[in-house]
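> Model the following, please.
(one chain, ligands or ions: 3)
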Amino acid sequence: MLETMDTLKGRLKEKGSKLTPQRRATLNVIIENKGEHLNTEEIYELVRKDCPEIGLATVYRTLQLLEEMDIISRINLDDGCSRYEIKTDDEDHQHHHLICQECSKIIEVKIDLLDHLEKEIEKEYDFDIKDHKLKFFGLCTDCKQK
Ligand SMILES: [Zn+2]
Ligand SMILES: [Zn+2]
Ligand SMILES: [Zn+2]
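Ligands and ions are numbered 1, 2, ... in the order given. So this is what the prediction gives:
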């Protein structure tokens, strides 16, 4: 995941900006917690271990910047907070999320499965699909058995 850090460094440089220790620490937390879908507060708590002087506002701004630079993506799971995850090169489109309504667990569906639908839509509506965000709500394996 060193590559991601280099990508960020390059994109910041293009904009005449720098990879500050705060930005590095914030991205590191998201990389190290891949698959956790951490929210802003959770990221802040973890970044503080590396940068005790950092404020919530800085973390908030850094997350916005990382999103603008296409390094991370924001997921809204309708629970009132923004969650973030790293974008990976092997994914053209965002993977889907299964959200358990009982225990709030988030499960990732790695396969797109929408290729056929996307082609139909592009043809029917003369629309170029670049990405999508899909959430499924229900009960996970553990909660189904209760
Ligand atoms: Zn797709
Ligand atoms: Zn569950
Ligand atoms: Zn995810």
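> which residues in this protein form strands?
Secondary structure of the chain, counting by DSSP state E: strands at 38-39, 72-76, 82-86, 96-100, 106-109, 135-138.
> I'd like the ones you listed laid out as TSV, including mean pLDDT, distance to ligand 3 and mean neighbour count.
All C-beta spots, glycine's among them, are computed from the backbone N, C-alpha and C. Supplementary listing: the strands of the chain in TSV, determined by pLDDT from 0 to 100; distance: least, C-beta to the ion, whole Å; neighbours: other C-beta atoms under 10 Å:
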stretch	mean pLDDT	distance to ligand 3	mean neighbour count
strand 38-39	96	11	18
strand 72-76	90	6	17
strand 82-86	94	5	19
strand 96-100	94	6	18
strand 106-109	93	5	14
strand 135-138	94	10	12
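> among the ones you listed, which is nearest Thr4?
When the strands of the chain are compared by C-beta to C-beta, strand 82-86 sits nearest Thr4, at 6.5 Å.
> How is this protein divided into domains?
Here the chain is described, according to automatic domain parsing, as comprising the domains 2-86, 96-144.
> for these, which one ends up most surrounded?
Ranked by mean neighbour count, these are led by domain 2-86 with a mean of 16 (mean count of other C-beta atoms under 10 Å).
> now the end-to-end length of it.
Between the start and the finish of domain 2-86 there is a gap of 13 Å, counting by C-alpha to C-alpha, to the nearest Å.
> Look up which residues are beta-bridged to the residue nearest to the spatial centre of the chain.
Per C-alpha atoms, centre = their mean, the C-alpha nearest to the average position across the chain is that of Glu85, at 2.3 Å. Glu85 forms beta bridges with Ser73, as assigned by DSSP bridges.
> my read: it touches Leu27, true?
No: the pair Glu85 / Leu27 is not scored as a contact, 11.9 Å apart, by C-beta atoms under 8 Å.
> May I have the residues that are in contact with Pro21?
Residues counted as contacts of Pro21 (C-beta atoms under 8 Å, 6 or more residues apart in numbering) are 50-51.
> Mind doing that once more with 7 Å?
For Pro21, the residues meeting the contact criterion (C-beta atoms under 7 Å, 6 or more residues apart in numbering) are Cys51.
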